[in-house]
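**Student:** Using only what follows, build the 3D model:
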Amino acid sequence: MIPESGDGRGRRSRSGYRKTEDELFLQAAVEQLEESPSVAIGRESWRVFRIMGEFVEGFDELNQLGPAVTVFGSARTRPDDPVYAQCVRTARLLGEAGFNIITGGGPGMMEAANRGAQEAGVCSVGLNIELPFEQEGNRHADLSIDFRYFFVRKTMFVKYAQAFVIFPGGFGTLDELFESLTLIQTGKIRHFPVVLFGSAYWGGLLDWLKNTMEPAGNISPADLDLFRVTDSPEEAVAHVVRRYNHQAGSEGNSANGLHPPKPGGGGGCR
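**Tutor:** As a prediction, the model looks like this:
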């Protein structure tokens with residue numbers, strides 16, 4: 001049995017489950033104090049340095065990435081699902097337009113997006129997360145970075161992306177969707193494009209936002225314009241490119257715009 005300590009690996013049981021660093025970090029303070037107050041306080045203080053180290057590693061690895069789009073979606077999507085192929089195509093078209101691709105580094109839609117990035121010859125980034133049952137990184141990520149803490153990883157998704165494209169997914173995908181909308185709504189980040197792919201999948205949620213949340217006064221009608229819904233890879237890419245070029249032009253940054261990869265060049269991560 002692996003001891004629950006500062007070695008970053010947590011505790012593993014016979015079933016294969018182990019406490020992650022996120023779980024240990026978020027453990028209720030009263031539970032920690034029941035162990036030993038002095039030990040608990042010391043452990044928490046040292047954990048700050050580990051968190052800081054993860055931020056530093058992410059900044060160092062991604063600082064020179066250039067324009068990028070973060071693609072989200074379910075890890076459970078199979079390669080024979082039609083939406084998998086649509087994700088590959090969307091990521092490839094984004095790459096051909098000059099965007100690098102960032103994903104959560106796992107299987108399913110993440111693998112599809114990383115695969116599309118490789119086909120386009122741009123940098124294919126996978127930001128992996130420590131889970132109780134290990135998430136296997138996919139083979140289509142050229143640059144893989146491992147994170148222990150969800151909140152550090154989520155910062156990288158936002159900080160280094162100029163747009164989000166969100167395919168059908170579960171709780172994690174919804175978490176990433178609504179975090180991005182909250183940051184835009186509250187002005188914490190500039191209004192970058194958020195694209196929801198799959199009108200049939202997202203339709204029920206959108207109906208609830210419009211017919212329940214908005215009439216209750218909990219969001220404004222304009223908040224429903226913070227994202228675009230589409231079933232077309234071409235439309236998704238056109239929207240992202242148009243918004244990016246408009247933003248770059250309004251800030252006088254046209255010289256730092258998109259640089260599509262050379263045909264057959266295979267670019268990858270520079």
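
**Student:** pLDDT weak spots in the stretch 1-150 of the chain?
**Tutor:** Applying pLDDT under 70 to the stretch 1-150 of the chain picks out residues 1-18, 21-22, 24-43, 132-135.

**Student:** switch to 80 and redo it
**Tutor:** Scanning the stretch 1-150 of the chain for pLDDT under 80 picks out the ranges 1-46, 131-137.

**Student:** Show me the strands in it, by range?
**Tutor:** Along the stretch 1-150 of the chain, the segments classed as strands by DSSP state E, counting those that start in this stretch run 68-72, 100-103, 124-129, 143-147.

**Student:** right, so of these, which gets closest to I184?
**Tutor:** Among these, strand 68-72 comes nearest to I184, with 13.8 Å by C-beta to C-beta. Using the backbone N, CA and C atoms, a C-beta is placed for each residue, glycine as well.

**Student:** Can you tell me the number of residues neighbouring G121?
**Tutor:** For G121, the neighbour count with other C-beta atoms under 10 Å is 19.

**Student:** To clarify, my last question referred to G203.
**Tutor:** 12.

**Student:** could you say what helices and strands the host helix or strand of it packs with?
**Tutor:** Assigned by DSSP states H and E, G203 belongs to helix 199-208. If contacts are counted by 3 or more C-beta pairs under 8 Å, 6 or more residues apart in numbering; DSSP states H and E, helix 199-208 sits against strand 228-230.

**Student:** residue nearest the centroid of this structure?
**Tutor:** The chain has F157 as the residue nearest its centroid, 4.4 Å off, counting by C-alpha atoms, centre = their mean.

**Student:** quick one, what contacts that residue?
**Tutor:** Residues in contact with F157 (C-beta atoms under 8 Å, 6 or more residues apart in numbering) are T70, I102, L127, F164, E176.

**Student:** Verify the contact between the last one and F164 for me.
**Tutor:** Yes. Under the criterion of C-beta atoms under 8 Å, E176 lies in contact with F164, with a separation of 7.4 Å.

**Student:** before we move on, back to that, if we compare the strands of the stretch 1-150 of the chain, which one ends up closest to A216?
**Tutor:** Smallest distance to A216 across those (C-beta to C-beta): 26.9 Å, for strand 68-72.

**Student:** Now do the buried residues in the helix or strand containing the residue nearest to the centre of the chain.
**Tutor:** Per DSSP H and E: F157 is located in helix 150-159. For helix 150-159, the neighbour count (16 or more other C-beta atoms under 10 Å) marks F150, V152, R153, K154, T155, M156, F157, V158 as buried.

**Student:** Kindly report the same for stretch 232-252.
**Tutor:** Neighbour-count burial for stretch 232-252, counted by 16+ other C-beta under 10 Å, picks out P233, A236, V237, H239, V240, V241, R243, Y244, A248.

**Student:** Burial check on the closest residue to L258 other than its chain neighbours, number of neighbours?
**Tutor:** Leaving aside its chain neighbours, L258 sits nearest to G98 (3.1 Å; criterion: C-beta to C-beta, 6 or more residues apart in numbering). A count of nearby residues for G98, using other C-beta under 10 Å, gives 19.

**Student:** Next: I145.
**Tutor:** Neighbours of I145 (other C-beta under 10 Å): 20.

**Student:** so what's it bridging to?
**Tutor:** In this entry, I145 is beta-bridged to L127, by DSSP bridges.

**Student:** out of the buried residues of stretch 232-252, what pair is the most spread apart?
**Tutor:** Using C-beta to C-beta, the buried residues of stretch 232-252 reach their maximum pairwise distance at P233 and A248, which is 22.3 Å.

**Student:** related to what we said a few turns ago, which one of the contacts of F157 is nearest to Q185?
**Tutor:** Looking across the contacts of F157 and measuring by C-beta to C-beta, the closest to Q185 is F164, at 14.0 Å.

**Student:** burial measure for that closest one, as a count.
**Tutor:** 25.

**Student:** Quick check, pLDDT for it.
**Tutor:** F164 is assigned a pLDDT of 97 by the prediction.

**Student:** wait, what's in contact with N128?
**Tutor:** Residues in contact with N128 (C-beta under 8 Å, 6+ apart) are G104, G105, G106, Q135, G137, S144, I145, D146, F147.

**Student:** Please consider this matter closed, and thank you.
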